[in-house]
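Visitor: Whatever this is, show me its structure:
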Amino acid sequence: MTGRRHRRRGQAAPSSPQTRLLRPAAGLAAFALLVAVVAPSDVAPSGVTPSGATPTAGGPAEFADGPSGAGASASGLPGVGAPAPGDLAADLPGAGSPADLDPADTLLTGAGRVDLDPGEVAGDDDADFDLADVVPVTVDDPLRDLQWYLDRTRTPGAWDATRGDPDVTVAVIDSGVDPDHPDLAGAFATDPILGGHGYDHIRGGVDTYVGADADWHGTAIAGIVAARADDGFGIAGAAPEVRLRVHRIYESTSSDQAPSDTSYTLAADAIRDATAAGADVILLSWGGTTPNAALASAIEESGVPVVAAAGNDGVNLSDSPAVRRYPAMYRMPNLVTVAASDRDNRILANERIGSNYGVRHVDIAAPGEEIVSLWPGGGHEVFEGTSFAAPQVAAALALGRSLAPGTSASELVGALVGNARRTSSLLDKVAAGGVLDVQAFLRAVERPVCTAHVPPSAFDDVDRTSTHVGNIDCVAFIGVAEGTADGRFAPRRTVTRGQMATFIARTLAAAGHELAAPDEPVFDDIAGTTHEETIASLAATGLVSGVGDGQFAPERPVTRGQMATFLVNASEFVLDTELTSELDWFDDVAGNVHENSILVARDLGITLGTSEPREFAPHRDMTREQMASFLARTMDALVRQGATVERLS
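Guide: Below you'll find the model as predicted:
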């Protein structure tokens, strides 16, 4: 988190953070536990998927995780991080049918009882992990007190902002989901073309449920995301008002076989179909051991946040060449990979299951121990593993999409990873260095200035599908950035230092701050230039210092590192506060003259880095579309810190 110290204007900012905490780049793999490859036993596929591929029996590997209760067999889930063991008849009062669960039928027979104490919400190795700000339970679901993980991720506090938009859809690409479970009543989106609430890519058709043995896994993760709240029954999902679309690509009764090219093709087809149907978030709580080009392309081209489970091998994926997990190990701006944490905010590791981790491949942790969710037929069970951590991240991203519909996938993922609650036990285990914090994420993703209601700009050379388009619209609407002389925006054109000075001056004006009038010439190379007055005023205010020898070099391209320093200096001026960073976001900025400003800019959400993991590229020239995003995010950051931004035109 960004620290603050007051300092006099003109005093040089420190060049490096005082404390360095390992934080990798945002937007990569998802959090979930991996299961072995699932091949529907004797099912002969039939029909054609919406994308035109012929469904084939088999599916991606199901991650080792599962319920601790009745109805499933541990023998069918190799390496499974199965449901937590226990006599759930006592643990889950009022859970609905089955009314009494026979402990002899639990997946982990004889493994011991899971004693879920509703008061046992905390537990952390860090003294600064304060649960005092956890919002009290405000829903009437009878099993809510057992959902300790909602409090750990500060989800109830996020519900003050949104419980989810019913028009936001999470695509559950997994086994089937029980459509008649009472806790999912009204939770499914209807396909506008095919009807139904999903598609069975194995058998063909819109009926995505076969039975408990085949579809308990998908039912459980669906409940973690979107079980209805305040219905007087069962549990509350983390995003209880979003909707689900089900894509059935495997059956929970899995074999030891690894995913084949055919099963990966089913998964890729499902991702493309989900994207075409308008999915806002895609959840992949499964994985295999080999990379697959079709799957990777489908994820990257989806354009929406994709959440993957890290897997349950109990290894460091960043340092274990013998263990590979995909899609978890892909590095993409819209992909986030999730590890499972326990009640003490440590990587989940017990006699039954161990979560994978790795700071270069796993982005964030979410609770994966003693997770209460749905069992087909109207019941509830206790589960553990990364498969049940990942849905919490998917739900958080769905809440973020609900609150900030115009935010890009990479920005959502970056804000989620960048606002995890750090704990010492996870600093060297996951990129975020901590556990999912839904409340902090929503605060970061909310755009107080550049909202979705900003009208589109009139520039005809701006790609309306660009990542930067919303920010270009915003800076044009506020009056901070104008077009070129011919009425275009020229998004790919390089920004000069002189142009940058004018953009900064307008940003300060929008925040209600006037610049000092220059007393005497500061630079001897700006006389007669278009930006002479603003450059001189910025210098007189102490915000720019030139390149040395009395030069400002107004026609020289501005680099990304320089832009970070200009914007952080402007932010300090508005807030009257020195900003320093304690986080180590990027691998390519250490020792750079702009290092602290770059890290502070990342803390504030002004920049997310490049599309490459942990890269900022400080020496790269800035383009006008990138500049628009930096400026727009700066205005949002200033308002979050208490400043006011007004429209200039």
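
Visitor: Only C-alpha atoms from now on, for both contacts and neighbour counts.
Guide: Will do.

Visitor: count of neighbours near the residue nearest to Arg324 when sequence neighbours are not counted?
Guide: The shortest distance from Arg324 to any residue other than its chain neighbours is 5.1 Å, reached at Thr289 (Cα to Cα, 6 or more residues apart in numbering). Using other Cα atoms under 10 Å, Thr289 is surrounded by 19 other residues.

Visitor: for Ala268, same thing?
Guide: The burial count for Ala268: 23, using other Cα under 10 Å.

Visitor: so what's it up against?
Guide: Contact partners of Ala268, counting by Cα atoms under 8 Å, 6 or more residues apart in numbering, are 294-295, 298-299.

Visitor: These in strands, which ones?
Guide: Among those, no member falls in strands (DSSP state E).

Visitor: out of these, which is most surrounded?
Guide: Ile299 (25 neighbours).

Visitor: is it true that it touches Val307?
Guide: No. Look at Ile299 against Val307 with Cα atoms under 8 Å: they stay out of range, at 9.8 Å.

Visitor: shared neighbours, the two?
Guide: Counting by Cα under 8 Å, 6+ apart, the residues touching both Ile299 and Val307 are Leu335.

Visitor: Of all residues in the chain, which one is nearest the centre?
Guide: Val413 (3.3 Å; Cα atoms, centre = their mean).

Visitor: which SS state does that one fall under?
Guide: Using DSSP: H, G, I helix; E, B strand; the rest coil, the structure places Val413 in helix.

Visitor: How about Leu638?
Guide: Going by three-state DSSP: Leu638 is helix.

Visitor: Neighbours of it, how many?
Guide: The burial count for Leu638: 21, using other Cα under 10 Å.

Visitor: Identify the residue nearest it in space, chain neighbours excluded?
Guide: Closest to Leu638 by Cα to Cα, 6+ apart is Ser571, at 6.8 Å.

Visitor: in what helix or strand does that neighbour lie?
Guide: helix 560-575 (DSSP states H and E).

Visitor: just checking, what packs against that helix?
Guide: Contacts defined by 3 or more Cα pairs under 8 Å, 6 or more residues apart in numbering; DSSP states H and E place helix 560-575 against helix 497-510, strand 578-580, helix 595-604, helix 624-640.

Visitor: Out of these, which is closest to Gly314?
Guide: helix 595-604 (30.7 Å; Cα to Cα).

Visitor: and the angle from the closest one to helix 560-575?
Guide: Angle of helix 595-604 versus helix 560-575, following axes from the mean of the first three to the mean of the last three Cα atoms, to 10 degrees, is 70 degrees.

Visitor: looking at this, Ala214 is in a helix?
Guide: Yes. Remark: Ala214 belongs to a helix, assigned using three-state DSSP.

Visitor: these two touch, right, it and Ser252?
Guide: Yes. At 4.6 Å, Ala214 counts as touching Ser252 under the criterion of Cα under 8 Å.

Visitor: how about the helices in the stretch 151-300 of the chain?
Guide: 155-158, 212-226, 261-276, 293-302 (DSSP state H, counting those that start in this stretch).

Visitor: what's in contact with the second one?
Guide: This points to helix 212-226. For helix 212-226, the surrounding residues in contact (Cα under 8 Å, 6+ apart) are 66, 71-72, 172, 174-178, 183-184, 187, 209, 236-244, 251-253, 372-377, 387-388, 391-392, 394-395.

Visitor: Overlap of the contact sets of Ala214 and Ser252?
Guide: Counting by Cα under 8 Å, 6+ apart, the residues touching both Ala214 and Ser252 are Ser175.

Visitor: Please name the residues that touch the residue in the chain sticking out farthest from the centre.
Guide: Going by Cα atoms, centre = their mean, the residue of the chain most distant from its centre is Glu520, 49.5 Å out. Applying Cα under 8 Å, 6+ apart to Glu520 gives no contacts.

Visitor: again, only using 10 Å
Guide: Contacts for Glu520 were tallied using Cα atoms under 10 Å, 6 or more residues apart in numbering; they are 536, 540.

Visitor: what ranges do the strands span in the stretch 401-550 of the chain?
Guide: 421-422, 434-435 (DSSP state E, counting those that start in this stretch).

Visitor: give me the low-pLDDT residue ranges for this protein?
Guide: 1-137, 253-262, 613, 649 (pLDDT under 70).

Visitor: Excluding covalently adjacent residues, which one is nearest to Gly609?
Guide: Phe616 (4.4 Å).

Visitor: how much space between that neighbour and Phe586?
Guide: 6 Å (Cα to Cα, to the nearest Å).

Visitor: Check Asp230 too.
Guide: Distance from Asp230 to Phe586, by Cα to Cα: 43 Å.

Visitor: Also Ala601?
Guide: 12 Å.

Visitor: any residues in contact with both of those two?
Guide: 595, 608-609.

Visitor: Which single one of these is nearest to Val168?
Guide: After measuring the shared contacts of Ala601 and Phe586 against Val168 - Cα to Cα - the closest member comes out as Leu608, at 24.3 Å.

Visitor: wait, Pro291 sits on Met329?
Guide: Yes. Using Cα atoms under 10 Å, Pro291 makes contact with Met329 at a distance of 8.8 Å.

Visitor: who's more crowded, those two?
Guide: A direct count of neighbours by other Cα under 10 Å for Pro291 and Met329 places Met329 higher, at 26 against 18.

Visitor: Quick check: closest non-adjacent residue to that one.
Guide: His361 (5.5 Å).

Visitor: tally of neighbours for that neighbour?
Guide: Neighbours of His361 (other Cα under 10 Å): 30.

Visitor: can you tell me how far it sits from Leu436?
Guide: 16 Å.

Visitor: same question, Leu244
Guide: 21 Å.

Visitor: same deal with Gly561?
Guide: 29 Å.

Visitor: Looking at those two, which one has more neighbours?
Guide: Leu436 (30 against 23).

Visitor: thought the more buried one was touching Pro391?
Guide: No. The pair Leu436 / Pro391 is not scored as a contact, 11.5 Å apart, by Cα under 10 Å.

Visitor: what residues are shared contacts of the two?
Guide: 338, 366.

Visitor: And stretch 548-564, how far out from the chain middle?
Guide: 34 Å (Cα atoms, centre = their mean, to the nearest Å).
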